[in-house]
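Peer 1: Build me a structure from this.
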Amino acid sequence: MTQIVPLSAEARARAGKGTARQTRREGRVPAVIYGGKQAPLTISLEKFAFDRVLHAPGFFTHLFDVTVDGQTHRVLPRDVQFHPVTDVPLHVDFLRVSADTRIHVQVPVEFVNQEKSPGLKRGGVLNIVRHELDVTCAADNIPEQITISCEGFDVGESIHISAVTLPEGVTSTITDRDFTIATIVAPSGLKSEEAEGAAAS
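Peer 2: This next block holds a predicted model:
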């Protein structure tokens, strides 16, 4: 089950650029909670508290319990707008979710059993094509990462989505092709040896 992070917020009286600028001058980050067949709720977050959770691993795959005026809203971060120069967060969008909400998220991949890959043992290099996978799952069942085994893969072979066992209830968003996640690439020394061997034969 995905981690749920508590976060306190204050309600904002109204939306708009002027109000948002004033909120930022007060050391807070404007945000909105939307979805769940309810009216959007404009809020603000304490800047330093939000910075801590924003820069923690897995921000976009963690659920948050945002408390506003004593009421708690379970939400998932969907977008953060940053200042183009200072990289300071300017605005945050949160989506209301419930236990039966299915969502599309990007989950980081983790490669294991690299010592059991013949290609990597021979000096090959793991070339990661996708560092994250697009998946669909229940909002309260977002995996922290998706584990992919390198066992048995040799130089020149690719690891496709069909070789990955996804957690229960998690499906790949891309269904029309068996896409590549990583390849085992020969190091330059091994390529030279193979070329020389081919020339000699």
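Peer 1: which residues in this structure form strands?
Peer 2: 4-11, 28-34, 41-46, 63-68, 71-82, 89-96, 102-112, 125-128, 132-138, 146-149, 158-160, 171-172, 180-185 (DSSP state E).
Peer 1: I'd like those as a markdown table, with mean pLDDT appended.
Peer 2: Formatted as a markdown table, these follow (pLDDT from 0 to 100):
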| stretch | mean pLDDT |
| --- | --- |
| strand 4-11 | 92 |
| strand 28-34 | 95 |
| strand 41-46 | 94 |
| strand 63-68 | 95 |
| strand 71-82 | 95 |
| strand 89-96 | 95 |
| strand 102-112 | 94 |
| strand 125-128 | 96 |
| strand 132-138 | 95 |
| strand 146-149 | 96 |
| strand 158-160 | 97 |
| strand 171-172 | 96 |
| strand 180-185 | 97 |
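Peer 1: Walk me through the domains of this protein.
Peer 2: The record assigns the chain these domain ranges, following automatic domain parsing: 4-96, 102-196.
Peer 1: can these go into TSV with extra columns for mean neighbour count?
Peer 2: Bear in mind the C-beta positions are built from the backbone N, C-alpha and C, glycine included. Output for the domains of the chain, formatted as TSV (neighbours: other CB atoms under 10 Å):
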stretch	mean neighbour count
domain 4-96	15
domain 102-196	15
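Peer 1: Out of the strands of the chain, the one nearest residue 118 is which?
Peer 2: Of all the strands of the chain, strand 180-185 sits nearest to residue 118, with 8.6 Å by CB to CB.
Peer 1: Next, count neighbours for the nearest residue to residue 62 once chain neighbours are set aside.
Peer 2: Leaving aside its sequence neighbours, residue 62 sits nearest to residue 3 (CB to CB, 6 or more residues apart in numbering; 4.9 Å). Using other CB atoms under 10 Å, residue 3 is surrounded by 12 other residues.
Peer 1: can you redo the strands of the chain as a markdown table with distance to residue 56?
Peer 2: Below are the strands of the chain laid out as a markdown table (distance: least, CB to CB, whole Å):
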| stretch | distance to residue 56 |
| --- | --- |
| strand 4-11 | 8 |
| strand 28-34 | 15 |
| strand 41-46 | 14 |
| strand 63-68 | 11 |
| strand 71-82 | 12 |
| strand 89-96 | 14 |
| strand 102-112 | 13 |
| strand 125-128 | 22 |
| strand 132-138 | 17 |
| strand 146-149 | 19 |
| strand 158-160 | 28 |
| strand 171-172 | 26 |
| strand 180-185 | 25 |
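Peer 1: Residue 119 is nearest to which of the ones you listed?
Peer 2: Nearest of these (CB to CB): strand 180-185, 3.7 Å.
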